[in-house]
Each structure stands twice: as C-alpha cells, then as structure tokens.
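Undergrad: pasting the sequence and the predicted model now:
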Amino acid sequence: MGMPEPRVKRYALVPKSGEDGVRRFALARVAPPSRSVSAADRLERMEEVAALERRDEAQDRDDRP
C-alpha cells in the first residue's frame, strides 16, 4: 500500500483596505479546478435522459387499455 497523495490547497493574497495607510493582506483559499464533466456535456446528457423519459412515458400511455 502506497502513501496517499497529499491534498494541495491553493491560497491567494487578497488586499484589505487599510485605514492607516499600511497595506494589509488576507489569505483566501482558491477553489480547485472542477474535474467534473463540462457544462455542455452535462446539458447534452440531461437532454438525452429527458428524451428517454418522454419516450418511456409515451410508451406507457400507449400500452394502457
């Protein structure tokens, strides 16, 4: 068993407004890049599922006495 990969967290310096003329910064965590399916692929898949559901519903209506 190998060692688990460490999770890399990314941070950015965000300037804060300083009333005394001193530049101050805060650390803000940056969200990791999405590894999920692209929005276009997700939309296409949702459209396919909706079409299949409509077809199944139409078949069910046609099969009823």
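TA: Alright, I've got the coordinates. Residues are numbered from 1 along each chain as shown.

Undergrad: distance check, residue 11 against residue 28.
TA: 7 Å (Cβ to Cβ, to the nearest Å). All C-beta spots, glycine's among them, are computed from the backbone N, C-alpha and C.

Undergrad: hmm, I typed the wrong one, I wanted residue 43.
TA: If you go by Cβ to Cβ, the gap between residue 43 and residue 28 works out to 30 Å.

Undergrad: isn't residue 11 right next to residue 29, touching?
TA: Yes. The criterion here is Cβ atoms under 8 Å, and residue 11 meets it with residue 29 at 5.7 Å.

Undergrad: for the record, mean pLDDT for whichever strand or helix holds residue 53?
TA: Assessed by DSSP states H and E, residue 53 sits inside helix 39-63. Helix 39-63 shows a mean pLDDT of 83.

Undergrad: distance from the chain centre to that helix, please.
TA: Relative to the chain's own centre, helix 39-63 is displaced by 23 Å; criterion: Cα atoms, centre = their mean, to the nearest Å.

Undergrad: and that helix, what does it pack onto?
TA: Of the remaining helices and strands, none touches helix 39-63 by 3 or more Cβ pairs under 8 Å, 6 or more residues apart in numbering; DSSP states H and E.

Undergrad: make residue 1 into 42 and carry on from there
TA: Done: numbering now begins at 42, and the last item shifts to helix 80-104.
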